[in-house]
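In: Kindly return the folded structure for what I paste below:
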Amino acid sequence: MVLPMHDSSAPQPLQAAKSGPLTGTVLAPGDKSISHRALILGAMTVGETRIEGLLEAEDVVNTAGAMRSLGASLERLGTGAWRVQGVGVGGFSQPDGPLDFGNSGTGCRLSMGAVATTPIAATFTGDASLCRRPMKRVLEPLAAFGLGWSGNDKGLLPLTLTGAADPLPIRYILKVPSAQVKSALLLAALNVPGTSTIIEPIATRDHTERMLRAFGAAISLEETAEGMAISITGETDLKPAAIAVPADPSSAAFPLVAALITPGSDILLERVMLNPSRTGILQTLKEMGGDITIENERDIGGEIVGDIRVRHSALKGVDVPPERAPSMIDEFPVLSIAAAFAEGPTTMRGLEELRVKESDRLSAVAAGLKSCGVAVTESPDGLVVEGCGPEGVKGGGHVLTHMDHRIAMSFLVMGGASREPVHVDDSAMIATSFPNFESLMAGPGALIQRPNS
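Out: Model prediction:
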């Protein structure tokens, strides 16, 4: 079954207006990181993998399409329920056409790793936004396995990758704290004789390591003076696994912040992943004074999951430690919204990575905040947001989203609590990660609508 895509050529402006209290129970979409990895590892497994709760957003559906093009069989059984019949490690076949990942950097970069040590040629492409994002950061370390690539000197899509026919194991120290680069290298190492070791000086999200264990990979972790050393022995068959995808903490952050900044709000976010490598946003919002409690914590498929109760809170500005950035890199745009409603400044550093996301998120956030009456100082690696305190945020801005779903959703959250409505120029790309964003936010009481509707 092919799920519908949005017409990216037709902008879909939205505006959010001040609402009453947000109340009720919310289930955020399935985690995008887990969904991508479940499809890719399922495709690299001999046998059938069952997935429940898969995020059926465009980014993930594009990854599913790429795995089909590489020879795996994928079937949608119902909402969020998928069956993947894999081809085994090293079993990918030559695709008939380009692999189009749309807007998904995660799906693209992880799939590059998955094909890097299989002797096939595959062309990778995506939408206009993805074709501006840097790929050398993953291509250059993958070249150590013997991967070849061609297209343009800048390492921008479209690119054609030629997998290594006789790959060699590597020992590689990550130059940037990137879970995508780490994961691509680990996936490539699956089809390499011997043991490869990837060392990360700064910890990043560890979903790939956890899921590799669930699929039976020979993987071990060791703390060293250089950082965490992740060793994986290649040419080991993966075993089918049943994957239950928890709710995405990055998506849950939008209703969570909305409840914190909207007077009288009290919501329960169900079944949210609480992996320690993803909870930086919760830690930071609690430090800001957020009334956030975890209920019913449990283990689902190797991931910690819990229900999060959030109540409106008087927030204060904080300094966010730069070393926390990898654990909440996607949540800084919506954290900036919380910071705008806090008392005093919030300082965020170590965010160079945000300049090479779907947009230059630092500049986009800074421009959006200024358009809504919030003072902000932008630096090469961060932002200082001057909170508006008890007076609240004026709002009224017309925000340029630059085809970035997180910019669009963040400023729609702002509009729900600011004095004047906030308008975003396009919301079409929200479908790449959060296809039911409008209806989910409307459930507890948010007022999001088409302009003049």
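
In: Wait, a helix at residue 114?
Out: Yes - using DSSP: H, G, I helix; E, B strand; the rest coil, the secondary structure at residue 114 is a helix.

In: Apart from its neighbours in sequence, what residue is nearest it?
Out: Spatial nearest neighbour of residue 114, excluding adjacent residues (C-beta to C-beta, 6 or more residues apart in numbering): residue 187 at 4.6 Å. Any C-beta I mention is one placed from the backbone N, CA and C, and that applies to glycine too.

In: count of neighbours near that neighbour?
Out: Taking other C-beta atoms under 10 Å as the neighbour definition, residue 187 ends up with a count of 28.

In: helices or strands up against the helix or strand that it is a member of?
Out: With elements delineated by DSSP states H and E, residue 187 resides in helix 179-189, which encompasses its position. In terms of contacts (3 or more C-beta pairs under 8 Å, 6 or more residues apart in numbering; DSSP states H and E), helix 179-189 is packed against helix 32-43, helix 105-115, helix 136-142, strand 195-200, helix 207-214, strand 227-233.

In: wait, which of those is closest to residue 367?
Out: Nearest to residue 367 among the helices and strands packed on helix 179-189 is helix 105-115; the distance by C-beta to C-beta comes to 21.9 Å.

In: follow-up on the earlier one: averaged pLDDT, the helix holding residue 187. What do you get?
Out: Computed over helix 179-189, the mean pLDDT rounds to 97.

In: Then stretch 355-374?
Out: The predicted model gives stretch 355-374 an average pLDDT of 93.

In: buried set for it?
Out: If you call a residue buried by 16 or more other C-beta atoms under 10 Å, then stretch 355-374 has these buried ones: 357-362, 364-369, 371-374.

In: pLDDT below threshold where in this structure?
Out: Flagging of the chain using pLDDT under 70 yields the residue ranges 1-9, 453.

In: just to revisit the earlier point, might one say that the residue nearest to residue 114 is in contact with residue 44?
Out: Yes - applying C-beta atoms under 8 Å as the test, residue 187 and residue 44 come out as touching, 7.5 Å apart.

In: How far off centre is the host helix or strand of residue 333?
Out: Under the assignment given by DSSP H and E, the secondary-structure element containing residue 333 is helix 332-340. Counting by C-alpha atoms, centre = their mean, to the nearest Å, helix 332-340 is centred 17 Å from the centre of its parent chain.

In: show me where the stretch 201-350 of the chain has strands.
Out: In the stretch 201-350 of the chain, strands defined by DSSP state E, counting those that start in this stretch lie at 218-224, 227-233, 242-244, 266-273, 291-300, 303-311, 319-320, 343-348, listed in chain order.

In: any idea which of those is most buried?
Out: strand 266-273 (a mean of 21; mean count of other C-beta atoms under 10 Å).
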